[in-house]
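[1] All I have is the shape, not the residue letters:
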């Protein structure tokens, strides 16, 4: 019997261990994830603890792949560093990269490495079905990143350049600081989003944007002061979402106007927030800017993007010989 040809994707980010299986037509056959454990009241993990948990999780996730004897892995995709920069480094990613290198050698298949940020981009394109433009913006907003990237399609692939960013706290750090202070579990994004849905009004927080640069430090300090003063938690949660969404909106509008861009892709855990997504879709539409949003599951951390990247690399290789 001829086994079904598939690619294996691996991603070991700061807070999620992920494995994905995809066939050569882009159908996702398996998506396995495990959130890293953070002690109650904690605001993060040391890199050594991330490496330990990834090392423990990876074999267990791969063992969850069903009917693996019927699959032929023909390529492996893996995120090997945080950003597509020469000096970008984080030990957590070496866990997945090391396993991917070993499997590729044993199986004698190609290994395609990309950055975690490019993994988010690939997953977003796969799930959202666009943007299709030759030049668009990528908003990558998570606990460890708040970047607005220019993405240009060229023969050699997608070329990323940072054109906007937070100059202090990342959007996810803003949410986590406020959420943990409220007594929510870390990472606080999902719990804060749920709490905000109970709000009958919102507590207004400052928005700090200068052209393409965003500052979340001031709004976070204002939110913590409001919490200490007894402001309603649900109203403050909604106010936090609005402050983040409005900051994104202003920065994206400034960059789109400057570069004559009309398509934006949202990725990252913060960009999976439904309220922030809808705020951006509504506000950017007034500027004739189309927003592409992947399914929330594929906006956050996962290995689907690494599998999709390996899949189209293999397709290109087969076409070009």
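    Perfect, I can see it now. These numbers come from a predicted model, not from an experiment.

[2] Check which helix or strand residue 137 maps to.
    Residue 137 belongs to strand 135-141 when elements are defined using DSSP states H and E.

[3] Residue 97 and residue 157: what is the separation?
    19 Å (Cβ to Cβ, to the nearest Å). From N, CA and C alone the C-beta is placed, and that goes for glycine too.

[4] out of these two, which sits in the more crowded spot?
    The residue with more neighbours, out of residue 97 and residue 157, is residue 97; 19 against 14, by other Cβ atoms under 10 Å.

[5] How about the secondary structure of the nearest residue to that one once chain neighbours are set aside?
    Leaving aside its chain neighbours, residue 97 sits nearest to residue 80 (4.2 Å; criterion: Cβ to Cβ, 6 or more residues apart in numbering). In three-state terms, and counting by DSSP: H, G, I helix; E, B strand; the rest coil, residue 80 is strand.

[6] Now for residue 80: which residues touch it?
    93, 94, 96, 97, 113, 114, 115 (Cβ atoms under 8 Å, 6 or more residues apart in numbering).

[7] make it 10 Å
    10-12, 88-90, 93-94, 96-98, 100-101, 111-116, 119, 306 (Cβ atoms under 10 Å, 6 or more residues apart in numbering).

[8] Filter the residues you listed down to the ones in helices?
    93, 94, 96, 97, 98, 100, 101, 116, 119, 306 (DSSP state H).

[9] Quick check: pLDDT value at the residue nearest to the third one when sequence neighbours are not counted.
    Looking back up the chat, that one is residue 96. Nearest non-adjacent residue to residue 96, counting by Cβ to Cβ, 6+ apart: residue 12, 3.6 Å away. On pLDDT, residue 12 comes in at 98.

[10] Same check on residue 21?
    98.

[11] Tell me which helix or strand it sits in.
    Per DSSP H and E: strand 16-23 holds residue 21.

[12] what's the answer for residue 308, then?
    helix 304-320.

[13] Which stretches in the protein count as helices?
    Per DSSP H, the chain carries helices over the ranges 47-62, 91-107, 116-128, 171-181, 189-196, 217-228, 233-259, 274-285, 296-299, 304-320.

[14] relative to strand 16-23, how tilted is the first one?
    So that's helix 47-62. Orientation check (axes from the mean of the first three to the mean of the last three Cα atoms, to 10 degrees): helix 47-62 against strand 16-23 gives 30 degrees.

[15] can you check the fifth one too?
    On the basis of the same axes, to 10 degrees, helix 189-196 is oriented at 100 degrees to strand 16-23.

[16] average model confidence for stretch 54-67?
    pLDDT averaged over stretch 54-67 gives 96.

[17] got the buried residues for it?
    54, 57, 58, 61, 62, 65 (16 or more other Cβ atoms under 10 Å).

[18] likewise stretch 35-55?
    So stretch 35-55, judged by 16+ other Cβ under 10 Å, has buried residues 36, 38, 44, 45, 50, 51, 53, 54.
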